[in-house]
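I would like the atomic coordinates for the input below:
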Amino acid sequence: MLTQEATLIPTKPGRLRMSYEQFLRWAGEEIRAEWVNGEVIIQMPAKDYHQITLGFLYELLGSFVRLFDRGRVMIAPFEVKILPGRASREPDIFFVSKENLHRLSEDRLTGPADLIVEIVSSDSVRRDRHEKFREYQEAGVQEYWVVDPRPGRRRADFYRLDEVGQYELFATDDDDRVDSAVLSGFWLRPSWLWQADTLDPLDILLEMRGVTAEQANQVRAWLRGA
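The predicted structure follows:
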């Protein structure tokens, strides 16, 4: 139940005004929301294309990170206190390297992740491409991927911090292959993103490691017979 201290802002549907402490008491695991400068932004329910892309990238990144013991990959909803006192976000996916796992608790990540992926929805375009872009850049998130899987609007932009701490666009969906700098050895073809409902992450991991299609079939046959 909302109090006078946490009331709807009439000019901004889906937003509430409250302190960070009130936000922590109010928000539960069933609520997808972010806190920015005293304002709570309630997330709209995701579409199927968003969830398909999310699941694909989470499985792909998570499997790679676990296999090579690189750290942790987390998925929303999980709080990232990206700019303490100013912004608390829930990125769709984020990676924390082993060197930075001290920032991660059972409740939240305090400080920047090494890599953040945001998957664009119709209500998140400005947040993902402008507001979060600036916040993640200021906080020192080394890589930021913005993936827009919406039908008719497919686009992927890959940013990394340059030597002066500004995001530079190092790849787009026009590129054949995108190599991550923070996850050495991890790469993907942007075209995979638009086939997320048909591709098997296991096949992709094998391709990353230089396994041919024939060898991959042999591995699959071995797994089925194991």
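
ok, and the closest non-adjacent residue to V146?
Using C-beta to C-beta, 6 or more residues apart in numbering and skipping residues adjacent in sequence, the residue nearest V146 is D157, 4.8 Å away. Bear in mind the C-beta positions are built from the backbone N, C-alpha and C, glycine included.

which ones are touching that neighbour?
W145, V146, L169, A171, T172, D173 (C-beta atoms under 8 Å, 6 or more residues apart in numbering).

and S88, by the same measure?
The contact partners of S88, taken as C-beta under 8 Å, 6+ apart, are Y20, F23, E34, W35, V36, E79, V80, K81, I82, R108.

pull out the buried residues from the host helix or strand of the second one.
Using DSSP states H and E, F23 sits within helix 20-26. Buried positions in helix 20-26, judged by neighbour count with 16 or more other C-beta atoms under 10 Å: Y20, Q22, F23, W26.

could you redo those residues as CSV and give each row pLDDT and distance to E131?
Listed next are the buried residues of helix 20-26 as CSV, based on pLDDT from 0 to 100; distance: C-beta to C-beta, whole Å:
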residue, pLDDT, distance to E131
Y20, 80, 17
Q22, 81, 21
F23, 80, 17
W26, 75, 21
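
closest to L161 out of those?
For the buried residues of helix 20-26, the minimum distance to L161 (C-beta to C-beta) is 26.4 Å, reached by Y20.

I figured the closest one was touching L83, is that so?
No: in this structure Y20 lies outside contact range of L83 using C-beta atoms under 8 Å: 11.3 Å.

tally of neighbours for G152?
Here the number of neighbours of G152 (other C-beta atoms under 10 Å) works out to 4.

and it, how far from W194?
Taking C-beta to C-beta, to the nearest Å as the measure, G152 falls 12 Å from W194.

and if you look at V182?
With the distance defined as C-beta to C-beta, V182 ends up 24 Å from W194.

give me the contacts around the helix ranked longest in the chain.
What stands out as the longest helix in the chain, according to DSSP state H, is helix 48-67. Contacting residues not belonging to helix 48-67 are listed as 46, 70-73, 75-76, 92-93, 95, 117, 119, 121, 147, 149-151, 183, 185-186, 188, 192-193, 196-197, 199, 201-202, 204-205, 208 [C-beta under 8 Å, 6+ apart].
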